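Chemist: Sequence and predicted structure are below.
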Amino acid sequence: MKRRMLFSTAIALVTAARRSVAQAAARKVSIGFLSASTPDPATLRYQVEPLRQGLRELGWIEGQNLAPIEFRWAEGKLERLPALLDELLRLDLDLLVTTSPRPAMLAKKATKTLPIVALAIDDPVQMGLAESIARPGGNITGISAAFAGLIEKRLQLLKDIVPAARRFAVVYNPETVPTLGNLVPRLEAGLGIAVSVVPVRGPDDFDAAFAALAKERVNGIVFVADPMVWVQRAKLGELCLKHRLPSVWGGAGYLDTGGLASYQGDWAALFRRGAALVDKILRGAKPGEIAFEQGTKLELVVNLKGARALGITIPKSVLLSADEVIE
């Protein structure tokens with residue numbers, strides 16, 4: 001009798017364990033996605049679809065073991081981010097993906113328990129997101145898209161395209177990018193031409209900024225990548241064409257509205273790689289023990305359609321160096 005009771009108990013325990021495993025397997029994982037940008041076709045192409053593709057390749061299928069990803073978009077309006085983040089944190093999420101610096105910093109401050117994968121950020125240690133690159137600590141890891149000397153490289157590319165230029169401008173959003181004024185002496189010394197730094201916080205600043213550029217007789221513009229700049233790229237591209245100003249941007253997706261060239265990390269590769277970090281965490285790894293990664297691939301894209309609209313001939317040396325040429 002005693003032996004039979006022990007056997008029955010063992011069977012019950014095994015059955016309960018199997019039921020627990022089956023229930024765990026049946027439960028769909030839930031992921032949130034917070035972005036300061038907008039879900040337009042270019043964002044979907046260079047960010048969302050590569051992330052989804054990476055997840056599928058690793059066995060995470062929406063509608064099967066992965067619930068539909070909960071997306072929240074600030075549409076370039078940074079003041080909307082706290083409320084959108086609060087919406088996501090009220091859900092039963094297993095992990096949160098953020099893109100660009102501001103959402104990552106807000107998320108890190110708002111939760112100490114929900115795992116965070118921060119993509120397309122700057123230096124995570126300098127930003128206060130991580131204790132170190134190798135061991136971030138806490139509940140966050142991710143991939144940086146900050147390449148050293150990228151502004152200088154974009155300006156040099158612009159000079160290669162417009163060798164007779166005497167002055168360039170760097171346009172940036174001071175709400176998300178630290179002041180660039182201290183870079184000017186180094187930029188001017190390295191290029192041998194004058195450089196103006198122009199802050200723009202939104203569309204209300206655009207006309208005045210371009211009027212100032214015309215007054216200074218600027219010969220070309222470099223844009224610093226930013227969610228507001230991304231959302232407003234069509235208007236900015238139109239202004240570049242109107243004022244006959246060649247422009248270099250921070251991502252191929254910017255070039256569909258008149259931009260001349262882009263020199264930036266490969267966004268699609270970065271977001272596809274981000275799926276690997278998500279996978280590690282969902283399989284049990286602690287985010288604070290996963291090293292922050294650095295994007296490794298820079299991509300040069302040249303827009304010949306934009307060049308023709310500006311009446312510019314792209315040097316053969318630039319075309320041969322390009323990863324992609326838009327006809």
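Modeler: Received the coordinates, thanks.

Chemist: And the contacts of stretch 65-74?
Modeler: The contact list for stretch 65-74, computed with Cβ atoms under 8 Å, 6 or more residues apart in numbering, reads 25, 28-39, 48, 52, 55, 59-60, 62, 80-81, 84-85, 87-88, 91, 93, 103, 227. All C-beta spots, glycine's among them, are computed from the backbone N, C-alpha and C.

Chemist: redo that, cut-off 7 Å
Modeler: For stretch 65-74, the surrounding residues in contact (Cβ atoms under 7 Å, 6 or more residues apart in numbering) are 28-39, 55, 60, 62, 80-81, 84, 87-88, 91, 227.

Chemist: Could you do stretch 186-194 as well?
Modeler: Here stretch 186-194 makes contact (Cβ under 7 Å, 6+ apart) with 152, 155-156, 159, 165-168, 195.

Chemist: hang on, the earlier thing: inside strands: which ones of the contacts of stretch 65-74?
Modeler: Applying DSSP state E to the contacts of stretch 65-74, the entries found in strands are 31-35.

Chemist: now the residues you listed as JSON lines including neighbour count?
Modeler: Formatted as JSON lines, the ones in strands among the contacts of stretch 65-74 follow (neighbours: other Cβ atoms under 10 Å):
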{"residue": "31", "neighbour count": "25"}
{"residue": "32", "neighbour count": "23"}
{"residue": "33", "neighbour count": "22"}
{"residue": "34", "neighbour count": "27"}
{"residue": "35", "neighbour count": "27"}
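
Chemist: which one of these sits closest to residue 215?
Modeler: residue 35 (35.7 Å; Cβ to Cβ).

Chemist: in the sheet, who's paired with the closest one?
Modeler: residue 73, residue 99 (DSSP bridges).

Chemist: what pLDDT does it get?
Modeler: pLDDT recorded at residue 35 is 97.

Chemist: same question, residue 14
Modeler: The score at residue 14 is 41. That number is its pLDDT.

Chemist: ok, now residue 6?
Modeler: In this model, residue 6 is scored at 44, pLDDT.

Chemist: same question, the one 3 residues further on
Modeler: On pLDDT, residue 9 comes in at 50.

Chemist: and if you look at residue 79?
Modeler: For residue 79, the pLDDT comes out at 94.

Chemist: picking up where we left off before, farthest pair in the contacts of stretch 186-194?
Modeler: 152 and 166 (17.7 Å).

Chemist: quick one, which of the two is more surrounded?
Modeler: Legend: neighbour count by other Cβ atoms under 10 Å for residue 152 and residue 166, higher for residue 152 (16 against 11).

Chemist: which stretches of the stretch 151-300 of the chain form helices?
Modeler: 184-191, 206-215, 227-231, 233-242, 267-282 (DSSP state H, counting those that start in this stretch).

Chemist: Flag every buried residue along the fourth one.
Modeler: By neighbour count with 16 or more other Cβ atoms under 10 Å, helix 233-242 contains the buried residues 233, 236-237, 239-241.

Chemist: Which of these sits closest to residue 266?
Modeler: residue 233 (18.4 Å).

Chemist: Report the contact partners of that closest one.
Modeler: With contacts defined as Cβ under 7 Å, 6+ apart, the neighbours of residue 233 are 254, 257.

Chemist: any idea how far it is from residue 57?
Modeler: Here residue 233 is placed at a distance of 30 Å from residue 57 (Cβ to Cβ, to the nearest Å).

Chemist: can you list the weak-confidence ranges in the chain?
Modeler: 1-26, 179, 181 (pLDDT under 70).

Chemist: how about CSV for the buried residues of helix 233-242, with distance to residue 97 added?
Modeler: What follows is the buried residues of helix 233-242, written out as CSV (distance: Cβ to Cβ, whole Å):
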residue, distance to residue 97
233, 23
236, 27
237, 28
239, 33
240, 32
241, 35
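
Chemist: Could you break this protein into its assigned domains?
Modeler: Here the domain parsing of the chain from automatic domain parsing is 28-146+267-297, 150-266+299-326.

Chemist: start to end distance for the first one?
Modeler: Distance between the boundary residues of domain 28-146+267-297 (Cα to Cα, to the nearest Å) amounts to 33 Å.

Chemist: again, but for the last one
Modeler: For domain 150-266+299-326, the first-to-last residue distance is 22 Å (Cα to Cα).

Chemist: Which one, of the helices of the stretch 151-300 of the chain, ends up nearest to residue 322?
Modeler: Counting by Cβ to Cβ, residue 322 lies closest to helix 267-282 out of the helices of the stretch 151-300 of the chain; the figure is 16.4 Å.

Chemist: which residues touch that closest one?
Modeler: With contacts defined as Cβ under 7 Å, 6+ apart, helix 267-282 is touched by 29, 31, 46-47, 50-51, 53-55, 58, 60, 94-95, 97, 115, 117, 119-120, 141-143, 145, 251, 287, 290, 295, 297.

Chemist: what angle do it and strand 31-35 make?
Modeler: Computed by axes from the mean of the first three to the mean of the last three Cα atoms, to 10 degrees, the angle separating helix 267-282 from strand 31-35 equals 140 degrees.
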